[in-house]
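Visitor: I would like to see how this sequence folds:
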Amino acid sequence: MEYLNTILHGDCIDRMRSIPDHSVDAVFADPPFRLQLGAKTLYRPEDQTVVRAVRDDWDSFESVAAYDKFTRQWLAEVQRVLKPDGTLWVIGSYHNIYRVGTIMQDLGFWILNDIVWVKTNPMPNFRGTRFTNAHETMIWAAPRKTGKYTFNYETMKRLNNGKQMRSDWEFNICLGCERVKDASGKSLHTTQKPLDLLRRIILASTRAGDVILDPFFGSGTTGAAAKELGRNYIGIEQDADYVAAARARIGATRAVDLSDIEVAAPKREEVRVAFGELIAAGLLSVGQTLVGQKGDRVVITHDGLLQHTLLGRGSIHVMAARIQRTVSFNGWDYWSAVKRDGTLVPIDNLRKYARGAKRGIAAAA
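Guide: Numbers count the residues shown, from 1 in each chain. Next up, the predicted model:
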């Protein structure tokens, strides 16, 4: 692709028009929030020093209607350049995220999740007139309802100590050495996002080699995270100082080893093998005994179910759950087959063998 791993300087809507249809795997957008702070000056109550607020021109819109028009235009371009199976992430605050979400639904985007970024070190409410605003909201959406989007469930589970990743993510706001500085040593961008936030987004919803577009590139966090994680990026940014800083930042970024982070083959993308297929392939037989993790025994029936002397009959999953008195349980992890010589073989090992055989047939075809 012509613009791969480059930053396009200019208006995001104009520059997106030059990107081919259905050429991007994912989009991360951190659009203007339209904070509307005006000329108000905020002071820290402890020492009366001035708080640097967002008063940049790029965050200023003359009216709600003007903001809605801008939002609809850039979202329409995003929808055009996204692949049918791609996804869009949009981050915002209470100032704008509800308007953005409404327009997304009007355009036909299908919302998959809203993710709450919980700030572990939020800026306080200096005036003491409201709750401290300690989160931002991200909308994760597909360009259409029927898209087969990427979700790296197993990778997210690994990053969350073996548990399902939840929709509340805790990260620090961007401070200290992670902040991109200007020539005077001050923070260059008022709303720079933490690198860890973009890392998780990219690991959750893209594969190695995918192309990620960021139409509000700012100081280049998306590009830096993409380069680290073996993805490609396209950035669009209208501020020349931000472009220069982002190029320098990405140039100094190095790829990381993902072998201990990413799960190479998500389970939901593996070749499916039904329990009955093991019987049809001769790996199991009707009347054969299976033994559970607790030593309980069942017999395979002629219709591919399991028969227990006290608990009745059911699938490998139903019977494993009944024995353990739980609502559900993965039978593939619970049962082992008794071979003629008395040894035990986990049925999941048999499934893996059958899966390999099916994959070989598919490749040959």
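Visitor: how about the strands in the stretch 201-350 of the chain?
Guide: Read by DSSP state E, counting those that start in this stretch, the stretch 201-350 of the chain holds these strands, from start to end of the chain: 211-214, 232-237, 289-291, 297-300, 306-308, 312-314, 336-338, 344-346.
Visitor: Between the two ends of stretch 124-140, what distance do you get?
Guide: End-to-end distance of stretch 124-140: 27 Å, with Cα to Cα, to the nearest Å as the criterion.
Visitor: before we move on, the earlier item: now tabulate the strands of the stretch 201-350 of the chain in CSV and tack on mean neighbour count.
Guide: From N, CA and C alone the C-beta is placed, and that goes for glycine too. Conversion of these to CSV gives the following (neighbours: other Cβ atoms under 10 Å):
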stretch, mean neighbour count
strand 211-214, 26
strand 232-237, 26
strand 289-291, 17
strand 297-300, 19
strand 306-308, 19
strand 312-314, 14
strand 336-338, 17
strand 344-346, 14
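Visitor: Tell me which of those sits nearest to residue 17.
Guide: When these are compared by Cβ to Cβ, strand 232-237 sits nearest residue 17, at 10.8 Å.
Visitor: Quick one: distance of that closest one to the chain centre.
Guide: Taking the mean C-alpha point of strand 232-237 and that of its whole chain, the gap between them comes to 18 Å (Cα atoms, centre = their mean, to the nearest Å).
Visitor: who does that strand pair up with?
Guide: Each strand that strand 232-237 pairs with, and the sense of that pairing, follows from DSSP bridges: strand 6-9 (parallel), strand 211-214 (parallel).
Visitor: what's the closest of those strands to residue 24?
Guide: That would be strand 211-214 among the strands paired with strand 232-237, by Cβ to Cβ, at 4.6 Å.
Visitor: And the strands of the stretch 201-350 of the chain: which comes nearest residue 73?
Guide: Each of the strands of the stretch 201-350 of the chain has some distance to residue 73 by Cβ to Cβ; the shortest is strand 232-237, at 13.4 Å.
Visitor: Using CSV, write down the CA coordinates of the closest one.
Guide: Listed in CSV are the C-alpha atoms of strand 232-237, where the atom choice follows Å, rounded to 0.1, in the frame of the first residue of the first chain:
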residue,chain,number,x,y,z
ASN,A,232,1.7,-1.5,10.1
TYR,A,233,0.2,2.0,10.6
ILE,A,234,-1.1,5.0,8.6
GLY,A,235,-1.2,8.2,10.5
ILE,A,236,-3.0,11.5,9.6
GLU,A,237,-2.2,14.7,11.4
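Visitor: so what's residue 224 up against?
Guide: By Cβ atoms under 8 Å, 6 or more residues apart in numbering, the residues touching residue 224 are 195, 198, 249-250, 253.
Visitor: Please report how far it lies from residue 10.
Guide: Using Cβ to Cβ, to the nearest Å, one obtains 21 Å as the distance from residue 224 to residue 10.
Visitor: Also residue 111?
Guide: The span separating residue 111 from residue 10 equals 29 Å under the rule Cβ to Cβ.
Visitor: give the contact list for residue 178.
Guide: For residue 178, the contacting residues are 192, 194-195, taking Cβ under 8 Å, 6+ apart as the criterion.
Visitor: Residue 334 now?
Guide: Shown in contact with residue 334 (Cβ under 8 Å, 6+ apart): 292-293, 316, 320.
Visitor: a markdown table for those residues, including distance to residue 117, pLDDT and neighbour count?
Guide: As requested, those are exported to a markdown table (distance: Cβ to Cβ, whole Å; pLDDT from 0 to 100; neighbours: other Cβ atoms under 10 Å):
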| residue | distance to residue 117 | pLDDT | neighbour count |
| --- | --- | --- | --- |
| 292 | 42 | 94 | 20 |
| 293 | 39 | 90 | 14 |
| 316 | 40 | 95 | 23 |
| 320 | 38 | 93 | 26 |
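Visitor: now, among those residues, which is nearest to residue 101?
Guide: If you rank the contacts of residue 334 by distance to residue 101 using Cβ to Cβ, residue 320 comes first, at 40.8 Å.
Visitor: Hmm, residue 336 and that closest one touching each other?
Guide: No: between residue 320 and residue 336 there is no contact, the gap being 11.7 Å when judged by Cβ atoms under 8 Å.
Visitor: Identify the contacts common to these two.
Guide: Counting by Cβ under 8 Å, 6+ apart, the common neighbours of residue 320 and residue 336 are residue 292.
Visitor: average pLDDT for the host helix or strand of residue 99?
Guide: Residue 99 belongs to helix 97-107 when elements are defined using DSSP states H and E. Computed over helix 97-107, the mean pLDDT rounds to 96.
Visitor: Residues contacting it, please?
Guide: For helix 97-107, with Cβ under 8 Å, 6+ apart as the criterion, the contacting residues are 31, 64, 67-68, 71-72, 75-76, 79, 88, 90-92, 111, 114, 136-137, 139, 141.
Visitor: Quick check: which ranges of the stretch 151-300 of the chain have low pLDDT?
Guide: Under the criterion of pLDDT under 70, the regions of the stretch 151-300 of the chain flagged as low confidence span 264-270.
Visitor: Show me where the stretch 151-300 of the chain has its helices.
Guide: Chain-ordered helices for the stretch 151-300 of the chain, with DSSP state H, counting those that start in this stretch as the definition, fall at 153-159, 195-205, 221-228, 240-251, 275-280.
Visitor: Which neighbouring elements make contact with the last one?
Guide: So that's helix 275-280. In terms of contacts (3 or more Cβ pairs under 8 Å, 6 or more residues apart in numbering; DSSP states H and E), helix 275-280 is packed against helix 347-364.
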